[in-house]
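Participant: predicted coordinates and the sequence they were generated for:
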Amino acid sequence: MGIHRGTLLLALTALAALTACASGQVTRLTNDPISQPKVLSLDAPDAPWVVEIQQLLAKRGFTVKRWASTSDVTRAKRPGSVEQFHAASTRYVLVIEGSAPLNWSERCFGGGYKFDHISADLVDTRENQTLLNVNGSGYSEGCPPMSGSIFHDIASAVDDVWTKSGFAS
């Protein structure tokens, strides 16, 4: 008999939809590990899924500040000379941007999210350099049976940039 071509196409489309899990593509832009304490701030939307990333970072020993606050600093550079600058409370900022419906009718039964896109950049504010990027789309953790790993991927990638010399916050 054989399978009708339309049935096969429908089955393959359904399989692709079921396996569209959000896992992050990690692009590391530095080979130099960070040997500073595990402290960073978030530049992220006010979305409930940001808290999940924050909690995973805390489990890995990070102190996560919600905003990278700055203060004005004035100090003597040498006699008769004064230097003024903005000092950030953290050197490293995790910039997160993403789009996922938050209404209950479009959420996963397990509490997860279906992302149109999600991207995270770890930025060294002193050097004005992006150290890594993680991006993806699809289903996050908490979306059985299609759950992805994007939140864990972001936390693991950030943790991997730090040295394993025991620095903790």
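Facilitator: Structure received.
Participant: could you report the neighbour count for residue 24?
Facilitator: By other CB atoms under 10 Å, 23 other residues sit near residue 24. Any C-beta I mention is one placed from the backbone N, CA and C, and that applies to glycine too.
Participant: ditto for the one 3 residues further on
Facilitator: Counted with other CB under 10 Å, residues neighbouring residue 27 total 12.
Participant: what average pLDDT does the strand or helix carrying residue 130 get?
Facilitator: Residue 130 belongs to strand 129-139 when assigned by DSSP states H and E. Confidence for strand 129-139, expressed as mean pLDDT, is 96.
Participant: buried residues in that strand, which are they?
Facilitator: Neighbour-count burial for strand 129-139 flags 131-139 (criterion: 16 or more other CB atoms under 10 Å).
Participant: ok, stretch 117-125 next?
Facilitator: 118-125.
Participant: before we move on, the earlier item: and the next element down the chain from the strand holding residue 130?
Facilitator: Sequence order places helix 150-161 as the next helix or strand after strand 129-139, per DSSP H and E.
Participant: packing partners for that next one?
Facilitator: strand 25-28, helix 48-59, strand 92-99, strand 114-124, strand 129-139 (3 or more CB pairs under 8 Å, 6 or more residues apart in numbering; DSSP states H and E).
Participant: next one: the shortest one to chain centre, how far?
Facilitator: Shown here is strand 25-28, whose average C-alpha point lies 11 Å from the average C-alpha point of the whole chain (CA atoms, centre = their mean, to the nearest Å).
Participant: that strand pairs with which strands, parallel or anti?
Facilitator: Paired neighbours of strand 25-28 in the sheet (DSSP bridges): strand 129-139 (antiparallel).
Participant: CA-only coordinates of the strand it pairs with in PDB, if you can.
Facilitator: Output in PDB follows, covering the C-alpha atoms of strand 129-139 (Å, rounded to 0.1, in the frame of the first residue of the first chain):
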ATOM      1  CA  GLN A 129      33.400  43.600  25.400                       C
ATOM      2  CA  THR A 130      30.800  40.900  24.900                       C
ATOM      3  CA  LEU A 131      32.300  37.700  26.400                       C
ATOM      4  CA  LEU A 132      29.600  35.200  25.200                       C
ATOM      5  CA  ASN A 133      26.300  35.000  23.600                       C
ATOM      6  CA  VAL A 134      23.600  32.300  24.100                       C
ATOM      7  CA  ASN A 135      20.500  32.300  21.800                       C
ATOM      8  CA  GLY A 136      17.700  30.100  20.900                       C
ATOM      9  CA  SER A 137      14.000  29.700  20.300                       C
ATOM     10  CA  GLY A 138      11.300  27.100  21.100                       C
ATOM     11  CA  TYR A 139      10.200  25.500  24.300                       C
END
